[in-house]
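Colleague: when you get a sec, could you give me coordinates for this:
(chains A and B)
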Amino acid sequence: KNEVEQSPQNLTAQEGEFITINCSYSVGISALHWLQQHPGGGIVSLFMLSSGKKKHGRLIATINIQEKHSSLHITASHPRDSAVYICAVRSRIQGAQKLVFGQGTRLTINP
Amino acid sequence: DTAVSQTPKYLVTQMGNDKSIKCEQNLGHDTMYWYKQDSKKFLKIMFSYNNKELIINETVPNRFSPKSPDKAHLNLHINSLELGDSAVYFCASSQLVDSYNEQFFGPGTRLTVL
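Modeller: Numbers count the residues shown, from 1 in each chain, chains lettered A, B, ... in the order given. This is a model prediction of the structure:
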């Protein structure tokens, strides 16, 4: 079992819908990242958080350290939000800080 | 200005060849990384360098050797390429500040071994 699990693996929705992507992890972490990988392959960091909630435009990320769970929400989704969203946790493994990645959630927003 | 750049973007080569991928960052970061993304789009860390010193070395074949001539560059050299090495390789950098360091990714290098 992967240390970082995302759900769903694939998500298709209509433009305007509210989107939620979940991430659960099983290791102790110092921070959690949400990344977006565009269809062209480029990876962009959306959020880095260690507690509470962060908001950027239509994107909201929350984390519950006790439950080892994070969610990424997209309000008023748009076709340009179509991408793979990757959760990654920063954990100290064998003395070094490392990013451990989830398998990604492929989001498709239809017009 | 490109923050993290990789060359080449695409690399097609024959099995058994030796090839290098270059990475440069102009963000002044102390730490650089190499990640491999397989055909299932799963990202895994391969190496991490901090101030030109290797700090993470995952279980990758000895055929993969990172080289950091200075803290702005982290190159990946691969000897005796195998079919299974076909993947997209991402370089990234971050400024290691306590536990919090946002990573900036390069555009990726798609390696195809024939």
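
Colleague: look up how far residue B:54 lies from residue B:32.
Modeller: According to CB to CB, to the nearest Å, residue B:32 stands 11 Å off from residue B:54. Placement of C-beta: from N, CA and C, glycine included.

Colleague: what does residue B:14 give?
Modeller: Counting by CB to CB, the gap from residue B:14 to residue B:54 is 29 Å.

Colleague: show me where the chain has strands.
Modeller: With no chain named, the answer covers chain A. A:4-7, A:10-14, A:19-25, A:31-37, A:43-49, A:52-56, A:59-64, A:69-74, A:83-93, A:96-101, A:105-110 (DSSP state E).

Colleague: not what I meant, chain B
Modeller: Under DSSP E, chain B gives strands at B:4-7, B:10-13, B:19-25, B:31-37, B:43-50, B:53-57, B:64-70, B:73-78, B:87-94, B:104-105, B:109-113.

Colleague: in the first one, what counts as buried?
Modeller: In this case it means strand B:4-7. B:4, B:6 (16 or more other CB atoms under 10 Å in any protein chain shown).

Colleague: so how far is it off the chain centroid?
Modeller: 9 Å (CA atoms, centre = their mean, to the nearest Å).

Colleague: ok, now the fourth one?
Modeller: What separates the centre of strand B:31-37 from the centre of its chain is 4 Å, taken as CA atoms, centre = their mean.

Colleague: list the contacts of stretch A:36-44.
Modeller: A:35, A:46, A:82-86, A:104, B:41, B:88, B:90, B:92, B:105, B:107-108, B:110 (CB atoms under 8 Å, 6 or more residues apart in numbering or on different chains).
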